[in-house]
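**Q** The following comprises the amino acid sequence and a computationally predicted model.
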Amino acid sequence: MDEFERIRRWTSGRQSPQWLSARGVRLGIGDDAAVVEPPQGADGEPVQWLLAVDTMVETVHFNWRTMSEADVGYKALAANISDIAAMGGQPAHALVSISAPAACTAERMTSLYDGLYACAARYGVAIVGGDTTSAPEHLVISVTVTGTVPAGRAVPRSGAKPGDAVFVTGPLGLSAAGLHYLLAAPARPGAAAIEADEAGSLVQAHRRPVPSPEGGRLLAERGTCHALNDVSDGAASEAWELAEASGVSIVLEEARLPLSGSMARYARRQGRDPLDWVLYGGEDYVLMGTIAADDAEQAGAALRARGIPFYRIGVVESGPSGVWLDRGGGRAPLAKGGYNHFASATGESDDDSNDEI
Ligand SMILES: Nc1ncnc2c1ncn2[C@@H]1O[C@H](COP(=O)(O)OP(=O)(O)O)[C@@H](O)[C@H]1O
Ligand SMILES: Cc1ncc(C[n+]2csc(CCOP(=O)(O)OP(=O)(O)O)c2C)c(N)n1
Ligand SMILES: [Mg+2]
Ligand SMILES: [Mg+2]
Ligand SMILES: [Mg+2]
C-alpha cells in the first residue's frame, strides 16, 4: 500500500463534512494546505488563535510494551490539547505528522488513527491535514494544534502574584507509576489490554491522559487565575516554570499534594516514596496554576461541579524566583528535577559565551 493509499485509509470518512464545516473547515485533508475560517467568538467577541505542537518518539515517549498503537495516537493529541487547556483555550484543529518505519504497517497505523480520532471526537478537534514519511527505525508522531481564546484572556505562565493560591486539577504521579509498572512487567502480547488489578488505573493514566480544556476555560473566564501551566515534565518542574516566568516564590505544602491511594500503595510496594512520582514523574496532563486566594474556594467549586478536581497545594510569595516544599516542620528548597530531554548531556556547557567564532 503506497503513501497516498495509506493516508486515505487512515483518514477518509472519519469526520463528516458537516462536522468539519461546523469547525470552520472549508477544505480539509487532500490539498496542499487546509483552509479554515478565522474563528468567531460568542456574540461576535474577538478571539485569538493559540498554536502549539508536541512530538512523541518511539523509545523516548513510548515503546510497544508501554503503549498500543491506538494509545500513541490518542496521547499524542491529548498532550497537545493539554497545552491549549493550559492557556485557557478551546482546541480547534490538528495537523498530524507521522514518520513510520517499515515495521509500522498500514494496518498498525490505522489503529493509531483510531486512537487519534477517538481523542479528536472527545474534544471536538477537526483533523485537517498532516504529513507522512518513512523512517529508518522508530516511529515519530508530531501533532500541531490550534485553539481559540477570547482576545486578551489567554492565561500565561508569567502572571502569578504574591498572595495567590497554587492549585492543580488532578492527582499527580499516576502516569509515572503506570509507566513503572509497564516497564517492570514482563512483555505481554497485546499491550492495549488494561490490567484488571490495581495497576489498571495507573496504566490507564499513562496511556490515556485526560487533558482539561474545560477546566482551563472555566479558570480563564474568572479573570482571577493569573498563571497556568500543564504538568508534562513533573509538578516540580512546572512549579519552577511558573515561579521563574512570574518572578515569584512558590511554596508547595507536602500535606496538600494530591496522592491517589492506588498510586501510593503501588509506590510503597515497590519500596519507593510516592512523593518522587508526584513531584518528578510527569505526563500527568493536569493543570497547575495560581489564582487570587479569595476566589480559590469558588473556583474550586465551579470546577468540581463539572467533575474536574481542584486541589489547593500551596501559596505564592514575593521574593526570589524559586520553589520551596513545606513538609510541616519548615520549608526546604525544592530541586528542579523532572523530565528533561537533554538532562544527561554531560560534558556540554550551556554557556557558550567563550566559544571562539
Ligand atoms: N524547536 C523549537 N523551536 C521553537 N520553539 C520551541 C522549540 N521547542 C520548544 N519551543 C518552545 O519553547 C517553549 C517551551 O517548550 P516545552 O517545554 O516543550 O512546552 P510544553 O511543556 O508546554 O510542551 C514553548 O513555548 C515551545 O513552543
Ligand atoms: C518508554 C518511556 N520511557 C520514559 C517515559 C517518560 N517520559 C518520556 S517524555 C516525558 C515528559 C513529557 O514529554 P515532553 O516531550 O517533554 O512533553 P512536553 O513537556 O513537551 O509537553 C516523560 C515523563 C515514557 N513515557 N515512556
Ligand atoms: Mg513541548
Ligand atoms: Mg505545556
Ligand atoms: Mg517537556
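**A** On my side now, so go ahead. Ligands and ions are numbered 1, 2, ... in the order given.
**Q** Report the contact partners of the residue of the chain found nearest ligand 1.
**A** At 4.5 Å from ligand 1, residue 232 is the closest residue in the chain, using Cβ to the nearest ligand atom. For every residue, glycine as well, the C-beta is placed using N, CA and C. By Cβ atoms under 8 Å, 6 or more residues apart in numbering, the residues touching residue 232 are 79, 82, 238, 282-285, 339.
**Q** Most neighbours among the residues you listed, which one?
**A** In terms of neighbours by other Cβ atoms under 10 Å, the contacts of residue 232 top out with residue 284 at 30 neighbours.
**Q** residue in the stretch 51-200 of the chain nearest to ligand 5?
**A** Closest contact between the stretch 51-200 of the chain and ligand 5, by Cβ to the ion, is at residue 54 (8.5 Å).
**Q** where's that residue, which helix or strand?
**A** Here residue 54, judged by DSSP states H and E, is contained in strand 47-57.
**Q** That strand near ligand 4 at all?
**A** No - with Cβ under 5 Å from the ion as the criterion, ligand 4 is not reached by strand 47-57; the gap is at least 7.5 Å.
**Q** That strand and ligand 2, any residue contact?
**A** Yes - counting by Cβ under 6 Å from any ligand atom, ligand 2 is contacted by strand 47-57 at residue 54.
**Q** Check which residues of that strand are buried.
**A** With burial defined by 16 or more other Cβ atoms under 10 Å, the residues of strand 47-57 counted as buried are 47-48, 50, 52, 54, 56.
**Q** tell me the helices in this protein, going along the chain?
**A** For the chain, the helices defined by DSSP state H occupy 3-11, 17-22, 69-85, 106-123, 174-184, 199-207, 213-222, 235-246, 261-269, 274-280, 296-305.
**Q** Distance to ligand 5 and mean pLDDT for these - can I get that in CSV?
**A** Formatted as CSV, the helices of the chain follow (distance: least, Cβ to the ion, whole Å; pLDDT from 0 to 100):
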stretch, distance to ligand 5, mean pLDDT
helix 3-11, 27, 92
helix 17-22, 31, 95
helix 69-85, 10, 98
helix 106-123, 19, 97
helix 174-184, 13, 95
helix 199-207, 16, 95
helix 213-222, 18, 98
helix 235-246, 8, 98
helix 261-269, 21, 93
helix 274-280, 13, 97
helix 296-305, 25, 98
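**Q** so which of these is the most packed in?
**A** helix 69-85 (a mean of 26; mean count of other Cβ atoms under 10 Å).
**Q** Do that helix and ligand 1 come into contact?
**A** Yes - against ligand 1, helix 69-85 shows contacts by Cβ under 6 Å from any ligand atom at residue 83.
**Q** roughly how far out does that helix sit from the chain middle?
**A** 7 Å (Cα atoms, centre = their mean, to the nearest Å).
**Q** Just the CA trace of it, in CSV.
**A** Listed next in CSV are the C-alpha coordinates belonging to helix 69-85 (Å, rounded to 0.1, in the frame of the first residue of the first chain):
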residue,chain,number,x,y,z
GLU,A,69,-0.8,2.0,18.5
ALA,A,70,-4.2,3.5,19.4
ASP,A,71,-2.8,4.7,22.8
VAL,A,72,0.0,6.5,20.9
GLY,A,73,-2.4,8.3,18.6
TYR,A,74,-4.7,9.2,21.5
LYS,A,75,-2.0,10.5,23.8
ALA,A,76,-0.2,12.5,21.0
LEU,A,77,-3.3,14.6,20.5
ALA,A,78,-4.2,14.7,24.2
ALA,A,79,-0.8,16.2,25.1
ASN,A,80,-1.4,18.9,22.6
ILE,A,81,-5.0,19.6,23.8
SER,A,82,-3.4,19.9,27.3
ASP,A,83,-1.2,22.8,26.1
ILE,A,84,-4.3,24.6,24.7
ALA,A,85,-6.0,23.9,28.0
